[in-house]
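**Student:** Output the structure for:
(one chain, ligands or ions: 1)
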Amino acid sequence: MLARAAPLAPEWKTPMPLDEYRTKRDFSISPEPAGRAPRRRGGRRERIFCVQKHLATQLHYDFRLEHDGVLLSWAVPKGPSLDPATKRLAVRVEDHPIEYADFEGLIPDGYGAGVVMLWDRGTWEPQVDDVAAALARGDLKLRLNGYKLKGSWALVRTKGWGVRGPDDGRSWLLLKHRDEWAGALDITTFAPRSVKSGGGFSDILSAELPDVWTRNPRGRSDPGLVASLTRIVAKVEALERAGAGDAGPARPARSRRARS
Ligand code: MN
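**Tutor:** Residues are numbered from 1 along each chain as shown. Model prediction:
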């Protein structure tokens, strides 16, 4: 649980004035540079995929596939399902930079403001010769090798294709093919936590120095930052009150307020 009645948004375990906090971090630069060594198998670099559980205006899961130097991205409101009979709406959203694939932390500003948990990560392989053609066709078959999601999947474009309008071509379905990794297990509730930190949203939020991702080049002096972080804390608290936050085993409360 988050401590209540905090005057400022997150309660850093070590109290630190916000100005000092800002000087220690450059909010305009990714806290997670790519940095990882390319993994190779059969002579070619493996493609990464990730799923980020994102509490913004609505809770959703961002499904991202590395392709041609970017992360192709779909927002999946209900998250992936291991049940082949359960097709999940996946709204195609803007490509993200590769280095975002490892990100977990806070987005203080703009569209998507909220908290991001790295819910799954691993590698993927297209089951088609030409990914660009498959995307254009609206039928991308793929294999995932993550911690939670594995085996054969597909992204299939659904209604909206060819229709002029704001949703033109953006509606897809994410579905599991029947294989040894399919099943009735509700993976989003069975394994709700981060594969990076092991934590839930409130753990990410209350980390001593949460990573921050911002598209605001003036973030360093953004007067709306505290207000934005306050809203994020309120969202996580509301989610936890609804019992839908971490949804994992309860952890003993840490007494971060013991000093005050
Ligand atoms: Mn998102």
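**Student:** Let me see the mean pLDDT of stretch 125-145.
**Tutor:** Stretch 125-145 carries an average pLDDT of 97.
**Student:** Make 39 the first number, not 1, from now on.
**Tutor:** In the new count, where the first residue is 39, that last one comes out as stretch 163-183.
**Student:** can you give me the strands in the stretch 189-298 of the chain?
**Tutor:** Remark: strands assigned in the stretch 189-298 of the chain by DSSP state E, counting those that start in this stretch are 209-214.
**Student:** Smallest gap between it and the ion, at which residue?
**Tutor:** Among the residues of the stretch 189-298 of the chain, W251 lies nearest to the ion; the distance is 11.2 Å by CB to the ion. Any C-beta I mention is one placed from the backbone N, CA and C, and that applies to glycine too.
**Student:** pLDDT score for G117?
**Tutor:** 98.
**Student:** for the residue of the stretch 39-188 of the chain found nearest the ion, what are its contacts?
**Tutor:** Using CB to the ion, the single residue of the stretch 39-188 of the chain nearest to the ion is H92, 3.7 Å away. Neighbouring residues of H92 by CB atoms under 8 Å, 6 or more residues apart in numbering: 98-100, 113, 150, 152-155.
**Student:** So which of the residues you listed reach the ion?
**Tutor:** Contacts with the ion within these, counted by CB under 5 Å from the ion: D100.
**Student:** Quickly check the contacts of H92 for the two that are furthest apart.
**Tutor:** Largest separation among those by CB to CB: A113 and V153, giving 15.3 Å.
**Student:** Which one of those two is surrounded by more residues?
**Tutor:** Higher neighbour count among A113 and V153: V153, with 26 against 19, using other CB atoms under 10 Å.
**Student:** how many neighbours does the residue of the stretch 189-298 of the chain closest to the ion have?
**Tutor:** The burial count for W251: 22, using other CB under 10 Å.
**Student:** do the same with M155
**Tutor:** Residues near M155, counting by other CB under 10 Å: 26.
**Student:** That one reaches G236, doesn't it?
**Tutor:** No - contact criterion CB atoms under 8 Å: M155 and G236 do not qualify, at 10.4 Å.
**Student:** mind listing the helices for the stretch 139-288 of the chain?
**Tutor:** 169-175, 225-228, 239-243, 263-279 (DSSP state H, counting those that start in this stretch).
**Student:** closest one to S119 among those helices?
**Tutor:** Using CB to CB, the helices of the stretch 139-288 of the chain put helix 225-228 closest to S119, at 7.4 Å.
**Student:** circling back: pLDDT added to the contacts of H92, as TSV?
**Tutor:** Below are the contacts of H92 laid out as TSV (pLDDT from 0 to 100):
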residue	pLDDT
H98	97
Y99	98
D100	98
A113	96
G150	83
G152	90
V153	94
V154	96
M155	97
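**Student:** Tell me the one among the contacts of H92 nearest to R279.
**Tutor:** For those, the nearest to R279 is V153 (15.7 Å; CB to CB).
**Student:** List the residues that contact the closest one.
**Tutor:** Contacts of V153 by CB under 8 Å, 6+ apart are 92-93, 143-145, 239, 242-243, 270, 273-274.
**Student:** cutoff 7 Å now
**Tutor:** 93, 144, 239, 242-243, 270, 274 (CB atoms under 7 Å, 6 or more residues apart in numbering).
**Student:** coming back round to it: single out the most deeply packed of the helices of the stretch 139-288 of the chain.
**Tutor:** Compared across those, helix 239-243 shows the largest average neighbour count, a mean of 24 (mean count of other CB atoms under 10 Å).
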